[in-house]
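A.B. asks: I'll drop the sequence and a predicted model, then ask my questions.
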Amino acid sequence: MIELRHLRTLLALRETGSLVEAAERVHLTQSALSHQLKDLESRVESPLFVRKTRPVEFTRAGLRLLTLADHVLPEVRGAERDIARLTGSEQGRLHMAIECHSCFQWLMPTVDYFRDHWPEVEIDIPSGHHFDPLPALAREQLDLVITADPQPLEGVHYAPLFRYEGLLAVSRQHPFAQRSAITPQELAGETLITYPVEQSRLDVFTHFLNPANVRPKEIRTAELTIMMMQLVASGRGVCALPNWALTEYLERAYVSAVKLGEDGVWNTLYAAIREESLEAPWMQDFLRTARETSFAVLSGIKPAIRDAESAE
């Protein structure tokens, strides 16, 4: 009567609070999701939630199934891990690099969870390396790279994790703070604060300024997000960051944020993996954990299109 897909859908509905976002989370159209829920309600002969409520308000029957999902789905996942170990394919190494300064917010909980469930897999995040992570991945010096800038490398697969929007952080007194969006040309008179990385790896250049052939008045770098926010708040410049990296500063009214263009600048974050490692059970579990953790702890992100092809 009740299938695992039903339980996963109910969890997505609870976590997102809306049918539209739940449909994105489980990679269904809203129509298909509604049909699935109506089918489940027909099977259990009871409504599961109150329509047109946001966040979704569950009925007693819906809450009971959510309790079941909270119990059953972790057990199923644990059984899948145990079966993978029985096949003798559990040994592995996961040395990773991060081309994303603000990714530690969700990556560290992911690594902690993964380490607890796959203690036999060697995990390391080398620091201070003086090589390009993606070529190092292809040379087997690394096993996974978190990147928003996929490069065509033979034998490397880019698994999409999630989509995010880049926002421009400005001081609360800045004229942009009263705007909903800005144009590239309006950044020509601004000091742009960035991480100390190549401009080719920064969305604000590749997806916003460069296509319009615009350069900011001045570029200043800072190593840490909190340093960037202090500079922005004091009116020393503006900076573009992923929406999730700005959440805590916006909630505290420390800075304001404005969209980059009317349609916004959206990009996808990937886990780059060698094709030969992709199907390892522990690697698949890491990817699944990374996606689940990111949606649990980050605000404003959206599901990415799954099953991306390898770059050629």
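C.D. replies: Perfect, I can see it now.
A.B. asks: Disregarding residues adjacent in the polypeptide, which is nearest to residue 151?
C.D. replies: In space, and not counting its chain neighbours, residue 151 is closest to residue 134: 5.3 Å by Cβ to Cβ, 6 or more residues apart in numbering. All C-beta atoms are positioned from the backbone trio N, CA, C, and that covers glycine.
A.B. asks: same question, residue 106
C.D. replies: residue 294 (4.5 Å).
A.B. asks: quick revisit: does the residue nearest to residue 151 lie in a helix or a strand, and which?
C.D. replies: helix 133-138 (DSSP states H and E).
A.B. asks: In that helix, which residues are buried?
C.D. replies: Of the residues in helix 133-138, 133-134, 136-138 count as buried by neighbour count, 16 or more other Cβ atoms under 10 Å.
A.B. asks: Using CSV, lay out the residues you listed together with pLDDT and distance to residue 199.
C.D. replies: Formatted as CSV, those follow (pLDDT from 0 to 100; distance: Cβ to Cβ, whole Å):
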residue, pLDDT, distance to residue 199
133, 90, 17
134, 91, 17
136, 91, 21
137, 93, 22
138, 90, 24
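A.B. asks: In CSV: those residues, plus distance to residue 211.
C.D. replies: Below are these laid out as CSV (distance: Cβ to Cβ, whole Å):
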residue, distance to residue 211
133, 26
134, 23
136, 30
137, 28
138, 29
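A.B. asks: Contacts only, for residue 118.
C.D. replies: Residue 118 makes contact with 81, 90, 92, 282, 285-286, according to Cβ atoms under 8 Å, 6 or more residues apart in numbering.
A.B. asks: just residue 54 next, same as before
C.D. replies: Residue 54 neighbours (Cβ under 8 Å, 6+ apart): 17-18.
A.B. asks: if we go to 10 Å?
C.D. replies: 17-19 (Cβ atoms under 10 Å, 6 or more residues apart in numbering).
A.B. asks: Strands - which of the residues you listed land there?
C.D. replies: Taking DSSP state E, every one of the contacts of residue 54 sits outside strands.
A.B. asks: closest to residue 249 among the residues you listed?
C.D. replies: Taking Cβ to Cβ as the measure, residue 249 sits nearest to residue 17 out of the contacts of residue 54, at 23.3 Å.
A.B. asks: So residue 80 versus residue 22, what's the distance?
C.D. replies: Separation of residue 80 from residue 22 (Cβ to Cβ, to the nearest Å) stands at 23 Å.
A.B. asks: Show me which of the two is the more surrounded one.
C.D. replies: residue 22 (23 against 14; other Cβ atoms under 10 Å).
A.B. asks: if we can go back for a sec, which helix or strand lies directly C-terminal to the helix holding residue 134?
C.D. replies: Past helix 133-138, the next helix or strand by DSSP H and E is strand 144-147.
A.B. asks: That following strand pairs with which strands?
C.D. replies: Strand 144-147 sits in its sheet next to strand 92-98 (parallel), strand 265-274 (antiparallel), going by DSSP bridges.
A.B. asks: looking at those strands, which is buried most?
C.D. replies: Burial of the strands paired with strand 144-147 is given as mean neighbour count (mean count of other Cβ atoms under 10 Å); strand 265-274 ranks first at a mean of 20.
A.B. asks: Can I get it as PDB, trimmed to CA atoms?
C.D. replies: Below are the C-alpha coordinates for strand 265-274, written out as PDB (Å, rounded to 0.1, in the frame of the first residue of the first chain):
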ATOM      1  CA  VAL A 265      22.600  35.000 -11.600                       C
ATOM      2  CA  TRP A 266      22.100  31.300 -11.000                       C
ATOM      3  CA  ASN A 267      24.800  28.700 -11.100                       C
ATOM      4  CA  THR A 268      25.200  25.000 -10.200                       C
ATOM      5  CA  LEU A 269      27.600  23.500  -7.700                       C
ATOM      6  CA  TYR A 270      29.100  20.100  -8.700                       C
ATOM      7  CA  ALA A 271      31.000  17.300  -7.200                       C
ATOM      8  CA  ALA A 272      33.700  16.300  -9.700                       C
ATOM      9  CA  ILE A 273      34.500  12.600  -9.500                       C
ATOM     10  CA  ARG A 274      36.500  10.200 -11.700                       C
END
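A.B. asks: Distance from the following helix or strand past that strand to the middle of the chain?
C.D. replies: Sequence order places helix 275-278 as the next helix or strand after strand 265-274, per DSSP H and E. Distance of helix 275-278 from the chain centroid (Cα atoms, centre = their mean, to the nearest Å) equals 21 Å.
A.B. asks: In stretch 60-77, which residues are buried?
C.D. replies: Residues of stretch 60-77 classed as buried by neighbour count (16+ other Cβ under 10 Å): 61-62, 65-66, 69.
A.B. asks: Can you check the pLDDT for residue 51?
C.D. replies: Looking at residue 51, its pLDDT stands at 87.
A.B. asks: Pull out the buried residues from whichever strand or helix holds residue 239.
C.D. replies: Per DSSP H and E, residue 239 falls inside strand 239-242. The neighbour-count check on strand 239-242 (16+ other Cβ under 10 Å) flags 239-242 as buried.
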